[in-house]
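Q: here is a sequence together with a model predicted from it:
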Amino acid sequence: MAEVAEKRLSIKLQEIHKLIRAEIPWEPVGPTPMPEPPDLRSWDMRLMKTYAPWYAPFCDVCCLCTYGKCDLTGGKRGACGIDLSAQQGRIILLACLMGCSAHAAHGGHILEYLIEKHGPDKKIDLGPFIEIEAPNIRTVLGLKPETLGDLKVAIEYVYKEIAHLLDSTHTGQEGSYLDYESKALHASMLDHVGMEAADLAQIVGFNYPSSVADVPLVEMGWGAIDKTKPVVLVSGHNPATSTVVVDYLREHDLEDNVELCGICCTALETTRYSDRAKIVGPLSRQLFFMRAGIADVIMTDEQCIRTDTPQEASKVGTAVIACLDKAMYGLEDATDMDTEDIVRRMVENKEHFAILDSTKAAEVAVRVAMEIAPQRRKQWITTDEATELAKKCTNCGICEQVCPNLFSIGEGITEVAKGNFDLIKKQFNLCIGCGKCEQECPNHVPIFRIMQVGASMETWKARVGRGPVMDTEIRNVGAPITLGTIPGVIALVGCSNYPDIDDIADMVDEFARRKYIVVLTGCAAMVAGMKKDANGLTVYEKYPPDFDAGGVVNIGSCVSNAHISGAAIKIANIFAALPLRANYEVMADYVLNRVGACGVAWGAMSQKAASIGTGFNRLGVPVVLGPHSAKYRRLFLSRKEEDDWRVMDARKREIVDTGEPSPEHIAYVAETKEKAMVMIAKLCIRKNDTPQGRGIKLNHYVSLYKKYIAKGLPPDIQLFVRRDADIPLVYKKEIRAYLQEIGWQPKEPVGLPTLIGTYPSKVPLDAVIH
Amino acid sequence: MSAVIPFHRVNVLTGLKAARVVEDATEYANLIGKAKRPLLVLGPLLLRSSTEGKLLLEYALDIARARNIPICATETLPGKVEELGAKPDSSYDAVEIVNALKDPAWKGVRKEGNHDLVIFFGIRSDLGNQSLSVLKHYAPHLKTMTLCKYYFPNASYSLPNFKKDEKWQAFLESLIDNLKKGV
């Protein structure tokens, strides 16, 4: 039997080697080519030994099968035997799988579309400054993708793993929360593979900017949209359709006649294709903009689009085209219908359609917009009208009860009724755009319409997403990042479920000013540009676009998040010269211990955000989340005084108890942006910091603490001072006095910190020595 | 299961184990009085002012002072707590203090042993209710209580949804009086 099993394994490995073309020796194939859940399980378990899952159950029961509902409180198990923690892990895995599958299916679709357009042999060429084109795919699969066809190998691997992982959530399968979490970490690592494949395909297939930092600035905000022209709005994430609209406008010389604008990531994608397209704003502005009726035609694609788009559009006379099969809204499929008939029915009968042929959809969208725009009234509300409408509000408070951001729009509306618009302007920045307030209002106050008086007609500049960080940039910053003299890389990512939309620009400004490298993706990348300083500049105009100290870089859309994890991997591979091929554990260990990076998903809302963040966690990048994210149910927290902070000093080959909680947590929720910033600075501390680098990092940690929390020193400062040389000059006297008072003792920094060698792993210690 | 619906509907309970509503300040004072090692976990909403113009944090500090209850000042509160003449015993954030509290062997913020009653005050309700869920499910060794204006289903004891700030503030004043009297 053993022989049979060995033979089976061997055949499996042979198949993997064939898929990744193992015979091409660009690097030796590492220990985990195309890993399955057990292959990196020991790494996950080591991570979770220090950063244990913290569960905040959203409900007391399990209701996934007909045995239930099962009460899981008080240590009770469900009818299938599952306990509350395993149930939380199961839900987390489901969320991460949803996120991973959304990106992977996006990638699968876009690849299919682009292979149809360019053929499978279209070369992946990211320009002269990017040789490591796919750090995630190279690291996870062991494949160096050279063509669009190669990217399909990555996507098909992800599909296979998704099925395998989803299987484990069935009733009567996995029973351990730790194993569920390991599987969630696996799914989320795969998410970065899927995202990378998707965005590489897009960059290559649509000729997006690459190997360039100084990409164009584009206009943002509804004030930038000329509503006297026909307006086509694209909404979602997949650019297969919006790029064809650009082509159609160009081919028909209509770019000056029709406004093309976008919401959410499709907006970012479209501006990567044409800097004449405009960004309306993030996801939180979707319903508001739809209800404003400025768009003549809305083209939806996939992910984060309102599921009631046709209903909402009908209310204001906007036409809708569903362009992808992922969201067809029950609409008639007009893909094979005559274009003239579709246009006629949309114009005359105000019908919406699904059109899954992007060329046809683009033509229909532009033609319908041009026909119906002259007949449509697109008037922004006047202050007098708003005041009159607001008088229907009795400030009963029901709007506050249903608001996910927990504020009372009724108070703002009441002020509008008095002719005072100050509060509603502030509240517009708090609004996440769900529309629940208006739905529940017993007096049918048109809250969103009234909010138009609070919405700024200002326009802003956002930098176009520029895709992967260049290898040349990594060579320049690799040393200062790992030594700590660039205090950190801060990645602001994710959705727009913010406590306050201004928080993002404030955080970017704080860290860019302090010479951190700030990178952004998705809604955060848009929102960062939606605030101007006293000189009228956004952070994109104020700071350079380079991946260097003090740079502010828009990497791109949601799928571009893979370039951030990719940059971390590239630091290990390019700067530290560690082989990455099928070598995930070594890459993650390097990032965790030596790359001072911190993700910030301040407005995380979706399952995609869950998998993006969890993928960063497996790679050793901590993530700070906003307060709503406690509803994800799970964090990864350490207990700094009690936990195991031992590492292997690979140079001395001995285990050292550092007592240093760096990074302290890997998935953390803060309630205020102020505390988040203090925590972000702290989470950039790494054991590998030189004294100079540690001094710089502690300087920021202490100064942010003093600025936002209290006059004194952070109460855990002693845990991060190894020797006197680590103490920042500015606070030398104060910190020395404190350390003396508490009886602090110096300790030696670790020469080459690694977790390899502290837990059972196939990876030899020599693998981390460079 | 309680029929009380939380003011903020995002916190609506899906389940079986809901907080007992306590409207009587004397009963709250009794519950606090009976606790051997209570802990106040204070949040940034306490930097807002009451209708009387009094900082909500001052109510919290009055409660702490009345019974020498240790304070965990989360987020941006430590500086203000110090400004008002008190010293936080901990500056863990909500998720961190909860993480420690669920360990029965934890020594507590004063190293005197884990706490048996944890009083939440001033944390935004979604984060607060989720943090209380951690303790509800994973800290059977302690009870939880809230002093915020609204009902928190995941606590052991909660105030009702107060429609008027004045009634809630009157409750807090009465609670402070009762604690001072040693009820």
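A: Alright, I've got the coordinates. Given the structure is predicted, the values throughout are model-derived calculations rather than measurements.

Q: all helices of chain B, in order?
A: Per DSSP state H, chain B carries helices over the ranges B:25-34, B:56-67, B:77-83, B:94-101, B:125-138, B:165-181.

Q: can the third one be said to contact chain A?
A: Right, the one you point to is helix B:77-83. Yes - Helix B:77-83 lies within reach of chain A by Cβ under 8 Å from any Cβ of the partner chain, at B:P78, B:G79, B:E82. The way it works is simple: take the backbone N, C-alpha and C, and place the C-beta from them, glycine included.

Q: up against chain A, what does chain B have?
A: B:7-10, B:13-17, B:43-44, B:74-76, B:78-79, B:82, B:91, B:93-96, B:98-100, B:103, B:123-127, B:130-131, B:133-134, B:136-138, B:140.

Q: where does the chain have low pLDDT?
A: Let's take chain A. A:1-9 (pLDDT under 70).

Q: my bad, the chain I had in mind was chain B
A: B:1-2, B:183.

Q: and the residue of it nearest chain A?
A: The nearest approach of chain B to chain A comes at B:G15, 2.6 Å away (Cβ to the nearest Cβ).

Q: what's around that residue, how many residues?
A: By other Cβ atoms under 10 Å in any protein chain shown, the residues close to B:G15 number 20.

Q: leaving out sequence neighbours, find the closest residue to it.
A: A:D60 (2.6 Å; Cβ to Cβ, 6 or more residues apart in numbering or on different chains).

Q: the one you found and A:A79: what is the separation?
A: Applying Cβ to Cβ, to the nearest Å, the value for A:D60 to A:A79 is 15 Å.

Q: more neighbours: those two, which one.
A: Neighbours per residue, other Cβ under 10 Å: of A:D60 and A:A79, the larger number sits with A:D60, 25 against 13.

Q: PyMOL command to pick out the buried ones of the residues of chain B next to chain A?
A: A single PyMOL command is used to select the members of these judged buried by 16 or more other Cβ atoms under 10 Å in any protein chain shown:
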select buried, chain B and resi 7+8+10+13+15+17+43+44+74+75+76+78+79+91+93+94+95+96+98+99+100+123+124+125+126+127+130+131+133+134+136+137+138
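
Q: contacting residues around A:C393?
A: A:G410, A:I413, A:T414, A:A417, A:C441, A:N443, A:V445 (Cβ atoms under 8 Å, 6 or more residues apart in numbering or on different chains).

Q: cutoff 6 Å now
A: Residues near A:C393 by Cβ atoms under 6 Å, 6 or more residues apart in numbering or on different chains: A:G410, A:I413, A:T414, A:V445.

Q: tell me which two in those are the farthest apart.
A: With Cβ to Cβ as the measure, no two of the contacts of A:C393 lie farther apart than A:T414 and A:V445, at 10.3 Å.

Q: these two - which one has more neighbours?
A: A:V445 (22 against 18).

Q: mind giving me the domain split of chain A?
A: Under the assignment automatic domain parsing, the domains of chain A span A:28-206, A:222-375, A:384-451, A:460-754.

Q: dump the ones you listed to a markdown table, plus distance to B:I69.
A: Below are these laid out as a markdown table (distance: least, Cβ to Cβ, whole Å):
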| stretch | distance to B:I69 |
| --- | --- |
| domain A:28-206 | 24 |
| domain A:222-375 | 40 |
| domain A:384-451 | 27 |
| domain A:460-754 | 19 |
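
Q: the stretch 1-150 of chain A: strands as residue ranges?
A: Along the stretch 1-150 of chain A, counting by DSSP state E, counting those that start in this stretch, strands occupy A:52-55, A:61-62, A:70-71.

Q: and the ones you listed: which comes nearest A:C304?
A: Going by Cβ to Cβ, the one of the strands of the stretch 1-150 of chain A nearest A:C304 is strand A:52-55, 26.2 Å.

Q: ok, A:I132 - contacts?
A: Contacts of A:I132 by Cβ under 6 Å, 6+ apart are A:D471, A:K570.

Q: swap in A:E196?
A: By Cβ under 6 Å, 6+ apart, the contact set of A:E196 is A:A134, A:N136, A:I137, A:A562.

Q: in what helix or strand does it lie?
A: helix A:177-206 (DSSP states H and E).

Q: kindly report the same for A:A362.
A: helix A:358-372.

Q: what's downstream of the helix holding A:E196, the next helix or strand?
A: strand A:217-220.

Q: assign a three-state SS to the residue nearest in space to the middle of chain A, would you?
A: Taking Cα atoms, centre = their mean, the centroid of chain A lies closest to A:G494, which sits 3.6 Å from it. With DSSP: H, G, I helix; E, B strand; the rest coil as the basis, A:G494 sits in coil.

Q: hey, what's the spatially closest residue to it that is not a sequence neighbour bridged with?
A: Excluding the flanking residues, the one nearest A:G494 by Cβ to Cβ, 6+ apart is A:A601, at 3.7 Å. Note on A:A601: beta-bridge partners by DSSP bridges are A:L625.

Q: quick check: the gap between A:A601 and A:S235.
A: 21 Å.

Q: more neighbours: which of the two?
A: A count of neighbours by other Cβ under 10 Å puts A:S235 above the other of A:A601 and A:S235, at 30 against 27.

Q: what's the closest of the helices of chain B to A:T459?
A: Counting by Cβ to Cβ, A:T459 lies closest to helix B:125-138 out of the helices of chain B; the figure is 33.2 Å.

Q: who are the packing partners of the closest one?
A: In terms of contacts (3 or more Cβ pairs under 6 Å, 6 or more residues apart in numbering or on different chains; DSSP states H and E), helix B:125-138 is packed against helix B:94-101.

Q: starting at the chain centroid, how far to the helix it packs on?
A: 13 Å (Cα atoms, centre = their mean, to the nearest Å).

Q: counting by contacts, list what it packs against.
A: Short answer (3+ Cβ pairs under 6 Å, 6+ apart): helix B:94-101 packs on helix B:125-138.

Q: which outside residues touch the helix it packs on?
A: A:56-57, A:84, A:627, A:630, A:671, B:8, B:10-11, B:94, B:98, B:102, B:120, B:144, B:152, B:154-155.

Q: got the angle for that helix vs helix B:94-101?
A: With axes from the mean of the first three to the mean of the last three Cα atoms, to 10 degrees defining the directions, helix B:125-138 sits at 10 degrees from helix B:94-101.
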